[in-house]
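[1] need a structure here:
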Amino acid sequence: MPGWTLHRLSLLPTLILIGSVARADVAEVVQDHILPGYTALADATAALSASAQTDCTAEALAPAFHATYDAWMAVSHLRMGPVEEDGMSLAFAYWPDPKGSGARAQRSLLANPDKMLDAAAFSRVSVAARGLAGLDRLLFADPPLGADNPEAACTLIRLTAEDMNRMARSILAGWTGGYDDVVLTAGEPGNTTYLSQTEARQAMLTLLHAGLEFLIDERLGRPMGSFDKPAPEKAEARDSGRSLRNVLLELQALRRMTRALDPEAVVTLAALDKAVAQAEALDDPIFDGVATPSGRLKVEILQQSVITARDAVLSEIAPHLGVGLGFNAADGD
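    Numbers count the residues shown, from 1 in each chain. Below you'll find the predicted structure:
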């Protein structure tokens, strides 16, 4: 299944309580990281949708598309709460899509425009056909998906942008309309979602860890493939040239979250700073370089830096939050 969620906790090391909480600040994560991130996403998708209504060409929409993708990368690791309702996290960015189900679903829509009647109908379309990955194919593929039927393609572009704005506004409203209080009142009477403050901290730690895992295994690991079979064609957002940019933006977002959650996590922050600097210095926007030994080595070095940051989250931040590592059936020997 593409992506990851908090429901994949069985794939992460089991977390157990150890000691007292020293430096956790869930409130700062919510107020300084989550809410501003989703506000920016709602604003960016509103601008994208408005632009699409005026001109649905790639040239016209490129700035708003990239601004929206940038805003999504600032929150893409926050797979908890409202974004998990109705599959919105997957609908926003259905990747990886190894079977090409998104393109197939979009071709079906383009061939049957009557299925694209309005925004309400489109919200029930397969998540694989929606969101940023869908727009990436419609605007930037060579040739763009739907190039042979520009009228239907324009309708699909406009519906996709409108749908993204609807989802972004819904996610923001969910957070500001009550889910923020659910997180901030963890452990208080009546809170059945987080029975203790530790559970809320554990959820934040899981988001941070899972975000780094996704970078390692998917955003970097997929295009790297193996030494004998590199796979740059599997890079995320390759058509729009954003593969490396997405890695950099997510690293920067995870660093901001780390800083908000545990400003004294000096080892983790230093590891993230190193990874950010390496991503900034890497001149390989769609990871074509992984097909050469020297290019692959550069991406491997970046991946190892992200692994170091992930390990530091568990060795440094977990104790600060009052949690530690145990083992479960998914762990190796």
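[2] may I ask which helix or strand encompasses the nearest residue to residue 118 once chain neighbours are set aside?
    Nearest residue to residue 118 in three dimensions, chain neighbours excluded: residue 159, at 8.0 Å (Cβ to Cβ, 6 or more residues apart in numbering). C-beta coordinates here come from the backbone N, C-alpha and C atoms, glycine included. Secondary structure from DSSP states H and E places residue 159 in helix 150-174.
[3] quick one: that helix to chain centroid distance?
    Offset of helix 150-174 from its chain centre (Cα atoms, centre = their mean, to the nearest Å): 18 Å.
[4] sec struct for residue 241, please.
    Of the three states, residue 241 takes coil under DSSP: H, G, I helix; E, B strand; the rest coil.
[5] spatially nearest residue to it (excluding sequence neighbours)?
    Per Cβ to Cβ, 6+ apart, closest to residue 241 is residue 285, 5.2 Å.
[6] go on, residue 244?
    Residue 244 sits nearest to residue 285 (Cβ to Cβ, 6+ apart), 5.0 Å away.
[7] mind checking pLDDT for that neighbour?
    pLDDT for residue 285: 98.
[8] please enumerate the helices of the stretch 151-300 of the chain.
    Secondary structure of the stretch 151-300 of the chain (DSSP state H, counting those that start in this stretch): helices located at 180-184, 197-214, 221-224, 243-261, 266-281, 293-312.
[9] how near is residue 89 to residue 299?
    Per Cβ to Cβ, to the nearest Å, residue 89 is found 26 Å from residue 299.
[10] low-confidence stretches in the protein?
    Residue ranges of the chain with pLDDT under 70: 1-24, 323-333.
[11] how about the residue positioned nearest the centre of it, secondary structure?
    The C-alpha lying nearest the average C-alpha coordinate of the chain belongs to residue 76 (Cα atoms, centre = their mean; 2.5 Å). Following three-state DSSP, we place residue 76 in the coil state.
[12] please tell me I have it right and it contacts residue 95.
    No. In terms of Cβ atoms under 8 Å, residue 76 does not count as a neighbour of residue 95; the distance is 10.0 Å.
[13] okay, now the nearest residue to residue 191 once chain neighbours are set aside: neighbour count?
    Once flanking residues are discounted, residue 191 sits nearest to residue 185: 5.2 Å by Cβ to Cβ, 6+ apart. Applying other Cβ atoms under 10 Å, we find 15 residues neighbouring residue 185.
[14] contacts only, for residue 237.
    Contacts here follow Cβ atoms under 8 Å, 6 or more residues apart in numbering; on that basis residue 237 touches 69, 95, 132-133, 136, 243, 245-246.
[15] dump the residue contacts of the residue nearest to residue 247 when sequence neighbours are not counted.
    Nearest non-adjacent residue to residue 247, counting by Cβ to Cβ, 6+ apart: residue 219, 5.2 Å away. Residues counted as contacts of residue 219 (Cβ under 8 Å, 6+ apart) are 236, 243, 246-247, 250.
[16] helix, strand or coil for residue 29?
    Here residue 29 is recorded as helix under three-state DSSP.
[17] what's the burial count for it?
    26.
[18] start at 42 instead
    Okay, residue one is now 42; in that scheme the one you just asked about reads as residue 70.
[19] for it, what are its contacts?
    245, 298, 301-302.
[20] you'd agree residue 272 is up against residue 266?
    Yes. Using Cβ under 8 Å, residue 272 is in contact with residue 266, at 3.6 Å.
[21] and the residue nearest to residue 288, how far is that from residue 224?
    For residue 260 relative to residue 224 (Cβ to Cβ), the value is 27 Å.
[22] repeat for residue 208
    Here residue 208 is placed at a distance of 20 Å from residue 224 (Cβ to Cβ).
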